[in-house]
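*Asks:* here is a sequence with its predicted model. Questions after.
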Amino acid sequence: MLVLAFYSEMKNLGGRDMIQLHRIKKAFHTGSGKQDILRSVDLHVNTGEYVAIMGKSGSGKSTLLNILGALDSADSGEYVLAGKPVHKMRQAKRTGLRNNEIGFVFQQFQLIPNLSVYQNVLLPLTYGRKKLGRKKARVMQLLEEVGLADKRKQKPARLSGGEKQRAAIARALVNEPSILLADEPTGSLDETTTETILQLFDRVHQQGTTIVVITHDQEVANRAQRVIHLRNGVLV
Amino acid sequence: MRIGNALKLACFGLWANKFRVLSAMMGIVIGLFAVIVLISIAVGVKDTLLKQMGSLGAEQILVMPGRVLDTANGEKDFLSGITSVPSTLTYDDAKAVEAVPHVKTVTPQLETVSKAAYGEQNVQAVLVGSTHQYSRVQHAALAEGRFFTDEEQQSKEKVVVLGSNIHDALLGKTAQPQPGSTGAPAAEERAWWQRALDSFMAGTVVSAQETTLIGQKLTIGEHTYTVIGVLEPNATLGSSTDNNIVMPIETALASTDMKYLNKMIVEADSTDVIDEVDGAVFSAIKQNHKEIDFSVVKQDQMLGAIDNVTTILQVMLLGITAVALLISGTGIMNVMVMSVRERTREIGVRKAIGATTFEIMAQFFFETLLLCLIGGLVGIGLGYGFIELWNHYIDAFTLTLPLWAVKLALGSTMVIGGLFGIYPALKAARMKPSHALRFE
Ligand SMILES: Nc1ncnc2c1ncn2[C@@H]1O[C@H](COP(=O)(O)OP(=O)(O)OP(=O)(O)O)[C@@H](O)[C@H]1O
Ligand SMILES: [Mg+2]
């Protein structure tokens, strides 16, 4: 047993499996009764892999990504992230996981309106238990990378859609997560802006970060190494 | 360390939301202002009325002109009032009462309004003729000089003791009281900074002028009188001595046209004999009067009437306090619940990027605490300012701000603010982040 456990640790450190989903089920109870959204989802993503998930609106893509991001829990099934069994974790541990391992780009930016771009990007570091040395330098470096250094003092309301999305991505990356989860990151953007975001993702991917991106845009899906479809509550 | 972080986040949160915070704070400020001012009005009215009604000692008996109506059960009905008739009480009545067994002292008082002049200065004052007991019975302490003696009274000396306002006005230290008003409290009409300046300059400028009238002569009517004493300011409304000029009663009878007593305060040897003395005083005066056009009142009768009023006033105070707290409480509650609802998504975001429930709660706890504390202090400060202004410009009655009102106001804000600020925050913080993020 011990040897096996050790072996599985080694495997994860070596970084083969980032995500393992096994028979994930999720239903929502609405006024019209129980609605099965995820029937039985199995998924395997390697460390450093770039995966796109596609599917119709309402098919449960965001629901799945929320489970992957530990923002929500499945009704049943197993979820192992970087060797850690998320489905067995208590709230406090999930919180730590979200802060340390996961970078999440929400479908509607979800920047805090009263904080400046700089403060929004800094936020994960203020909660973090990671020691990231010079926090300010880290935030500035990221803002530089996404091209928002000169807008760092602006409130999100004053930014364009593409700028908001880049700020949201910078916030997702500031804690140096091992996996980046993005929900329709180019959903409301034009072609040129989409291209800048995709180049940003490519760079992040080259630096070794695992990426799972939800999209309905074939262009976006084409940049990924693998495309999976969510249909009738299962991945195909 | 993490508490420090939460405090930092709280200050930051307040600052980042400064407009919303400002409007929330307005709610708290107005609520507390209302509580403070309403309570102080209620307390002020209560205190003023009680002070006006009850300054009689336990062994004192008050003889007044007019007749207090008796109620059906034989009690004196002060609330229905005293039939107002011109006084027929005389100094002879007072002398008759003095002869009653167990009477220790009798302090008769004549009262009229008259002009007094000193050099250029001219004021209207309440002229009082009384005995040397006056200062003790009226609780009027001397600021300087002395009170007149029994001997001076017997020999009808032309000496006077001045109330503090009259003294100041005659010295020209304050604005001339309005003509026609009965010795208006001139000192009160000056702005606070003028008074502050006065007291600041007191040692320098004023000392160059006269600072006391003791030993000086002033004119009242056709006669001149020597000032021998000045009374301390005496704030008691209704029986304030500040605008009085007191002279021996014999002098007053001889050199002014005052004839009838305004009132007479009789002191018994002890409280044991008070009932006996009460009856005897009544019979002694009645001998000189054809009909009963005077009233003899003991302290317990007075207190009975006061008790009634006290109860009414206490209930009023309680009611006003409750309503004020209810109004401000609802306001604060609304403000808190609204602001947390507005921020449910923000709470979701913070959780999603790694804030623990504890960290969020600590932030909201400190935010609420700071908000209520700052808003509360500003509200109380404004209320206090209002009370100061009121007391400065409005003479009708004095507003009093009791410490318990401040504690109650601040405490209730903290409790209500805490409850309705922290509870919704806790609810939001315990939601799944995915849920809070969907909140519209
Ligand atoms: N918290 C919830 N409570 C009830 N129903 C929910 C909840 N979250 C999602 N749903 C429902 O589940 C279904 C899938 O929602 P989800 O957001 O996962 O779809 P999606 O694939 O991301 O769609 P889109 O492409 O439009 O973003 C929808 O019908 C939605 O109404
Ligand atoms: Mg979605």
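*Replies:* Here it is on my side, so go on. Ligands and ions are numbered 1, 2, ... in the order given.
*Asks:* can you give me the strands for the chain?
*Replies:* I went with chain A, as the question did not name one. Taking DSSP state E as the criterion, chain A carries its strands at A:17-30, A:33-46, A:50-55, A:76-81, A:84-85, A:102-105, A:179-183, A:210-214, A:226-231, A:234-235.
*Asks:* switch to chain B, please.
*Replies:* B:60-65, B:103-118, B:121-130, B:142-145, B:159-162, B:217-220, B:223-231, B:244-248, B:261-268, B:294-298.
*Asks:* now these in a markdown table, with distance to chain A, mean neighbour count and mean pLDDT?
*Replies:* Just so you know, the C-beta spots here come from the backbone N, C-alpha and C atoms, and that holds for glycine as well. Shown next, in a markdown table, are the strands of chain B (distance: least, C-beta to the nearest C-beta, whole Å; neighbours: other C-beta atoms under 10 Å in any protein chain shown; pLDDT from 0 to 100):
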| stretch | distance to chain A | mean neighbour count | mean pLDDT |
| --- | --- | --- | --- |
| strand B:60-65 | 68 | 20 | 84 |
| strand B:103-118 | 66 | 19 | 89 |
| strand B:121-130 | 63 | 22 | 89 |
| strand B:142-145 | 61 | 16 | 88 |
| strand B:159-162 | 65 | 27 | 93 |
| strand B:217-220 | 71 | 17 | 90 |
| strand B:223-231 | 62 | 19 | 92 |
| strand B:244-248 | 64 | 28 | 92 |
| strand B:261-268 | 69 | 23 | 88 |
| strand B:294-298 | 68 | 22 | 83 |
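*Asks:* and A:A224, which of these is closest to it?
*Replies:* Closest to A:A224 of these, according to C-beta to C-beta: strand B:142-145, at 94.7 Å.
*Asks:* run through who's touching the closest one.
*Replies:* With C-beta atoms under 8 Å, 6 or more residues apart in numbering or on different chains as the contact definition, strand B:142-145 has outside contacts at B:135, B:161, B:164, B:212, B:214, B:227-233.
*Asks:* average pLDDT across stretch B:378-385?
*Replies:* Average pLDDT, stretch B:378-385: 91.
*Asks:* contacting residues around that stretch?
*Replies:* B:25, B:28-33, B:35-37, B:40, B:401, B:406, B:409-410.
*Asks:* same check, this time on stretch A:180-187
*Replies:* Here stretch A:180-187 makes contact (C-beta under 8 Å, 6+ apart) with A:61-62, A:65, A:68-69, A:102-107, A:165, A:169, A:172-173, A:193-194, A:197-198, A:201, A:204, A:209-217, A:220.
*Asks:* so who does the residue nearest to B:K104 when sequence neighbours are not counted touch?
*Replies:* Sequence neighbours aside, B:E267 is the residue nearest to B:K104 in space, at 4.5 Å (criterion: C-beta to C-beta, 6 or more residues apart in numbering or on different chains). Contact analysis of B:E267 by C-beta under 8 Å, 6+ apart lists B:57, B:59-61, B:103-107, B:137.
*Asks:* what's the separation between the residue nearest to B:S164 when sequence neighbours are not counted and B:F147?
*Replies:* Nearest non-adjacent residue to B:S164, counting by C-beta to C-beta, 6+ apart: B:P233, 4.2 Å away. Noted for B:P233: a distance of 16 Å to B:F147, by C-beta to C-beta, to the nearest Å.
*Asks:* ok, and which of the contacts of stretch A:180-187 reach ligand 1?
*Replies:* A:61-62, A:107 (C-beta under 6 Å from any ligand atom).
*Asks:* would you format those as TSV with neighbour count and pLDDT included?
*Replies:* What follows is these, written out as TSV (neighbours: other C-beta atoms under 10 Å in any protein chain shown; pLDDT from 0 to 100):
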residue	neighbour count	pLDDT
A:K61	22	95
A:S62	21	94
A:Q107	16	86
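*Asks:* how many residues are close by A:Q91?
*Replies:* 14 (other C-beta atoms under 10 Å in any protein chain shown).
*Asks:* distance of it from ligand 1?
*Replies:* 18 Å (C-beta to the nearest ligand atom, to the nearest Å).
*Asks:* measure how buried the residue of chain A found nearest chain B is and give me the count.
*Replies:* With distances taken as C-beta to the nearest C-beta, chain A approaches chain B most closely at A:N99, which sits 2.5 Å away. Applying other C-beta under 10 Å, we find 21 residues neighbouring A:N99.
*Asks:* also B:G411?
*Replies:* Neighbour tally, B:G411, other C-beta under 10 Å: 12.
*Asks:* and the gap between it and B:L110?
*Replies:* To B:L110, B:G411 is 52 Å away according to C-beta to C-beta.
*Asks:* biggest helix in chain B by residues?
*Replies:* With secondary structure taken from DSSP state H, chain B has its longest helix at helix B:299-342.
*Asks:* for that helix, what is the distance to the chain centroid?
*Replies:* What separates the centre of helix B:299-342 from the centre of its chain is 19 Å, taken as C-alpha atoms, centre = their mean, to the nearest Å.
*Asks:* ok, now stretch A:102-109?
*Replies:* For stretch A:102-109, the distance to the chain centre is 6 Å (C-alpha atoms, centre = their mean).
*Asks:* hey, what's B:S295 bridged with?
*Replies:* Going by DSSP bridges, B:S295 is paired in beta bridges with B:M64.
*Asks:* quick one: it and B:T88 touch, right?
*Replies:* No: using C-beta atoms under 8 Å, B:S295 is not in contact with B:T88, being 12.0 Å away.
*Asks:* can you tell me the closest non-neighbouring residue to the residue of the stretch 201-350 of chain B found nearest ligand 1?
*Replies:* Nearest residue of the stretch 201-350 of chain B to ligand 1, counting by C-beta to the nearest ligand atom: B:G348, 11.8 Å away. Closest residue in space to B:G348, ignoring its immediate chain neighbours: B:A436 at 2.9 Å, by C-beta to C-beta, 6+ apart.
*Asks:* roughly how far does that neighbour sit from B:I347?
*Replies:* For B:A436, the distance to B:I347 - C-beta to C-beta - is 6 Å.
*Asks:* shared neighbours of these two, anything?
*Replies:* B:A428.
*Asks:* so those two - more neighbours on which side?
*Replies:* Per other C-beta under 10 Å, whichever of B:A436 and B:I347 has more neighbours is B:I347, with 27 against 23.
*Asks:* okay, now the residue nearest to the more buried one when sequence neighbours are not counted: neighbour count?
*Replies:* Closest residue to B:I347 apart from its sequence neighbours, by C-beta to C-beta, 6+ apart: B:A428 at 4.3 Å. Each residue near B:A428 was counted by other C-beta under 10 Å, and the total is 25.
*Asks:* gap between B:A428 and ligand 1?
*Replies:* Taking C-beta to the nearest ligand atom as the measure, B:A428 falls 15 Å from ligand 1.
*Asks:* run a quick check on that residue versus B:V340, I expect a contact.
*Replies:* Yes: counting by C-beta under 8 Å, B:V340 is a contact partner of B:A428 at 6.4 Å.
*Asks:* pLDDT score assigned to the most centrally placed residue in chain B?
*Replies:* By C-alpha atoms, centre = their mean, the mean C-alpha position of chain B lies nearest to B:T398, the distance being 3.8 Å. For B:T398, the model assigns a pLDDT of 81.
*Asks:* do I have it right that it meets B:V45?
*Replies:* No: under the criterion of C-beta under 8 Å, B:T398 is not in contact with B:V45, lying 9.6 Å apart.
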